[in-house]
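Visitor: here are the coordinates; sequence isn't available:
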Ligand code: ADP
């Protein structure tokens with residue numbers, strides 16, 4: 001059985017992440033979206049809020065077979081403990097490459113070759129998307145409906161103290 005993990009901050013989940021999740025879940029027998037708890041990184045949403053938003057989104061899209069978990073520590077340690085051999089990362093532009101290559105090589109060395117990194121290129125529609133950009137737009141009450149699901153848009157507006165439009169998820 002081929003098990004994979006998709007680690008990240010997901011602060012919050014975007015359609016770019018969701019695209020990677022869908023595609024990775026078609027390739028691997030078991031996929032875990034791993035929300036990394038990083039106390040050094042300032043986040044907008046708590047880990048619990050992020051997990052709730054991801055689970056709700058996955059359920060809504062028939063992806064409830066994808067697991068969601070949290071971890072404070074190195075992805076490679078989580079993978080060793082759960083017998084997972086592949087870490088999925090999304091590549092948007094060349095600017096992602098250097099950082100991602102460094103993480104992939106670190107994982108290879110420190111897992112003694114047990115953890116492989118598989119890169120999925122971003123869906124073209126979502127190449128520009130990042131959680132940071134979404135937060136920037138939402139903080140000025142911009143329309144982020146093309147970037148994140150409705151329920152997450154609602155949470156963003158709440159965080160920034162804006163009234164939300166009444167609409168369905
Ligand atoms: P991190 O803080 O670990 O970079 P992110 O939540 O920002 O966590 O991203 C998790 C993974 O998803 C990374 O591999 C990142 O490159 C990828 N990713 C982020 N946005 C997109 C997108 N729009 N399309 C494809 N992959 C993406």
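Guide: In hand now; what should we look at? No experiment lies behind these values; they were computed from the predicted model shown.
Visitor: buried stuff in the helix or strand bottoming out on mean pLDDT in the chain?
Guide: Averaged element by element with mean pLDDT, DSSP states H and E, the chain has its least confident helix or strand at helix 94-110 (a mean of 93). Buried residues in helix 94-110, counting neighbours by 16 or more other Cβ atoms under 10 Å, are found at 96, 100, 104, 107. Every C-beta, even on glycine, is put in place using the N, C-alpha and C of the backbone.
Visitor: Contacting the ligand as well, which ones from the residues you listed?
Guide: Among the buried residues of helix 94-110, the residues lying close to the ligand (Cβ under 6 Å from any ligand atom) are residue 96.
Visitor: Tabulate the buried residues of helix 94-110 (TSV), appending distance to residue 18.
Guide: Formatted as TSV, those follow (distance: Cβ to Cβ, whole Å):
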residue	distance to residue 18
96	17
100	19
104	22
107	24
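Visitor: Which parts of the protein are strands?
Guide: 3-8, 30-36, 67-71, 86-91, 116-121 (DSSP state E).
Visitor: would CSV of those with distance to the ligand and mean neighbour count be doable?
Guide: What follows is those, written out as CSV (distance: least, Cβ to the nearest ligand atom, whole Å; neighbours: other Cβ atoms under 10 Å):
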stretch, distance to the ligand, mean neighbour count
strand 3-8, 3, 22
strand 30-36, 7, 23
strand 67-71, 12, 17
strand 86-91, 2, 20
strand 116-121, 7, 15
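Visitor: Kindly reformat those as CSV and extend each row with mean pLDDT.
Guide: Listed next are the strands of the chain as CSV, based on pLDDT from 0 to 100:
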stretch, mean pLDDT
strand 3-8, 98
strand 30-36, 98
strand 67-71, 98
strand 86-91, 96
strand 116-121, 96
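Visitor: Just to check, residue 15 is in contact with residue 148?
Guide: Yes. Between residue 15 and residue 148 there is a contact at 6.5 Å, judged by Cβ atoms under 8 Å.
Visitor: and the two? which has more neighbours close in?
Guide: Comparing residue 15 with residue 148 by other Cβ atoms under 10 Å, the one with more neighbours is residue 148, at 25 against 18.
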